Structure formats: C-alpha cells, structure tokens
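Chemist: Sequence and predicted model, in that order:
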Amino acid sequence: MKLSITYKEIENKVKDLTKVSLSLSKVNENTLNVKYSSGMMFLPNIEISLIITAIYSNKIELTYSCKPLMEIAVEKLLPKLISNLPKGVIEIENKTIKVDLEEIEQAKKVLKFLSLSDIVINDEIIEVFAEVK
C-alpha cells in the first residue's frame, strides 16, 4: 500500500499544530530540507536537513544536520515545534528524532492493520509504503 503526502499538506498541518510556517524541499530520496523563515529583518532563515535513518513498523528515526551557527536556533525551535503534539510522539536526543506513530491516535488505529515498510522523498510528495499485517 502506498500513501502519498504533498509537502503543502505537511506544511499546512505543521502550521495548524505549531503555529510555525515551514517550507520543505527534496535533497535526495531519504533527505528532506526544512526551512523556517522568521520574517524578521535581522533573524536569518533556519535550514536543517532531516535524514531518514531507520523505519520500523510503527516508528521513524531521523537525524538532522545544519550549519554550526544554526544549531543553537534549531535546538530552541524544535521544542517549540513539538510542544503542541501529544506527549511521547517525538523524542529528540543528540540530533536524533524518534517519531512514535502509535502515540498519534489516528495512526495507532491504522497501525493495527498496517506496518510501515519504506518512506521515499520525491520532488513534491513523500511516499509512505506499508504492508498489511
């Protein structure tokens, strides 16, 4: 089974949940570039690369990288982004982001019947592949 999610859908959902506007773009099939523009004159744009490092049946593990000067801003921005999400969905430790999909009520229902098998980043969409249990 394949689920396609457009960058625009993700950007809108992040904005709805966190009140932060992001833009997404492809780096390669397992790396996504995330850009945050503050809109303030003296505050630079923040860009990070999210790299898919592992996919489990119900979890996704990512690492992030950014320019050394941006690390402080990213470390301050990430907690703000995840503060409006249910507890336990995202865990961040040493540039590793673990997403537990079973902590999201809607995903938990789906994961009773499906297991994640792959995620592919394309130019305008992210394709999520799952197998029936």
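Modeler: In hand now; what should we look at? Numbers count the residues shown, from 1 in each chain.

Chemist: name the helices or strands packed onto the helix or strand bottoming out on mean pLDDT in the chain?
Modeler: The helix or strand of the chain with the lowest confidence, counting by mean pLDDT, DSSP states H and E, is helix 71-82 at a mean of 79. For helix 71-82, the helices and strands in contact under the criterion 3 or more Cβ pairs under 8 Å, 6 or more residues apart in numbering; DSSP states H and E are helix 7-18, strand 46-55, strand 90-93. (Each C-beta comes from the backbone N, C-alpha and C, glycine too.)

Chemist: Would you confirm that residue 88 contacts residue 100?
Modeler: Yes. A contact is recorded between residue 88 and residue 100 when judged using Cβ atoms under 8 Å, the distance being 6.0 Å.

Chemist: what's the residue closest to the geometric middle of this protein?
Modeler: By Cα atoms, centre = their mean, the mean C-alpha position of the chain lies nearest to residue 50, the distance being 7.3 Å.

Chemist: Now do the contacts for it.
Modeler: Contacts here follow Cβ atoms under 8 Å, 6 or more residues apart in numbering; on that basis residue 50 touches 31, 32, 33, 34, 62, 63, 64, 97.

Chemist: Give me the pLDDT for it.
Modeler: Model confidence at residue 50, expressed as pLDDT, equals 96.

Chemist: Show me the shaky parts of this structure.
Modeler: The chain contains residues with pLDDT under 70 at 39.

Chemist: Surely residue 40 forms part of a helix?
Modeler: No. Under the criterion used here (DSSP: H, G, I helix; E, B strand; the rest coil), residue 40 is coil, not part of a helix.

Chemist: contacting residues around it?
Modeler: Neighbours of residue 40 in contact, by Cβ under 8 Å, 6+ apart: none.

Chemist: how near is it to residue 46?
Modeler: Remark: distance between residue 40 and residue 46 (Cβ to Cβ, to the nearest Å) = 12 Å.

Chemist: Between residue 88 and residue 100, which is the more surrounded one?
Modeler: When residue 88 is set against residue 100 and neighbours are counted by other Cβ atoms under 10 Å, the residue ahead is residue 100, at 17 against 10.
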